[in-house]
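>>> Got a predicted structure plus its sequence, pasted below:
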Amino acid sequence: MPDNESDYEDEGYDFAGGDDDETFDDEALVWQLLLLINPGDEDTALQQFARYREAREESGDEREPVETVQEAIDWISGFFVDWKDTASFVDVIDQLAARWNLRIEWGVEDPSDDDFLDGTDVPELMSIAYDRLREHGYTLWNYDTGGDSYAGWIALRRDDENMKAVASGLGIDVQPGSEAF
């Protein structure tokens, strides 16, 4: 198994078990997902993987892998916010982008201003963040939570196809932040 996301292209890995008829178990796919959302930071990925495994053992594998992943990465490498919580969304995306010394230009002087936050919604903010991150080589992803919340993470733009493959292998319906669920 490759040790990082850049190895996929050279080796022809197919996470869904296509041409090489090679399949990966959920743990291997979760590890690859953690590498994708923590580019250049394997230590954080390792810590999150340990939290993931511990939580899976405690829950007896009753939850979907994405739920356990979200618990392990929340506000460090991912976000999960209520559908109307624009303030938390701005805060978490600013925190996530700061990992790479990036600052999101939200289009206003003070993105924490109540008038700004009341006049927008999470999908609109997600689209802004998606556009700003793409300018710097990153992609904001969101996935279907099946409820009234938004969740996702950021990965390198060059890994878009790998993200789709890993997410598909885990049964996670992801799409770019420009297309909020």
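Noted; the coordinates are in hand.
>>> the bottom helix or strand of the protein by mean pLDDT?
Here the helix or strand of the chain ranked lowest by mean pLDDT, DSSP states H and E is helix 7-11, holding a mean of 42.
>>> ok, then the element right after that one?
helix 26-37 (DSSP states H and E).
>>> and G177, how many neighbours?
When neighbours are counted by other C-beta atoms under 10 Å, G177 registers 25. Placement of C-beta: from N, CA and C, glycine included.
>>> And the pLDDT for it?
Looking at G177, its pLDDT is 97.
>>> thought it was touching R134?
No: G177 lies out of contact with R134 (C-beta atoms under 8 Å); the separation is 9.2 Å.
>>> which regions of the protein sit below the pLDDT cut-off?
The chain contains residues with pLDDT under 70 at 1-24.
>>> in it, which spans are helices?
7-11, 26-37, 42-59, 65-73, 86-98, 114-118, 122-134, 160-170 (DSSP state H).
>>> so which of those helices comes closest to E105?
Among those, the nearest to E105 by C-beta to C-beta is helix 122-134 (5.7 Å).
>>> in the closest one, what counts as buried?
Under the neighbour-count criterion of 16 or more other C-beta atoms under 10 Å, helix 122-134 has 122-123, 125-130, 132-133 buried.
>>> got those residues as JSON lines, with distance to T68 columns?
Compiled in JSON lines, these are given as follows (distance: C-beta to C-beta, whole Å):
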{"residue": "V122", "distance to T68": "23"}
{"residue": "P123", "distance to T68": "26"}
{"residue": "L125", "distance to T68": "26"}
{"residue": "M126", "distance to T68": "23"}
{"residue": "S127", "distance to T68": "28"}
{"residue": "I128", "distance to T68": "29"}
{"residue": "A129", "distance to T68": "25"}
{"residue": "Y130", "distance to T68": "25"}
{"residue": "R132", "distance to T68": "30"}
{"residue": "L133", "distance to T68": "25"}
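>>> between those, which is closest to W100?
Closest approach to W100 among the buried residues of helix 122-134 (C-beta to C-beta): L133, at 9.2 Å.
>>> pretty sure that closest one is touching R103, no?
No: counting by C-beta under 8 Å, L133 stays clear of R103, with 10.9 Å between them.
>>> Next, find the distance separating P39 from E124.
Between P39 and E124 the distance is 26 Å, computed by C-beta to C-beta, to the nearest Å.
>>> Kindly list the longest strand within the protein.
Secondary structure of the chain per DSSP state E: the longest strand is strand 149-156.
>>> In the chain, which residue is most central in space?
W153 (2.1 Å; C-alpha atoms, centre = their mean).
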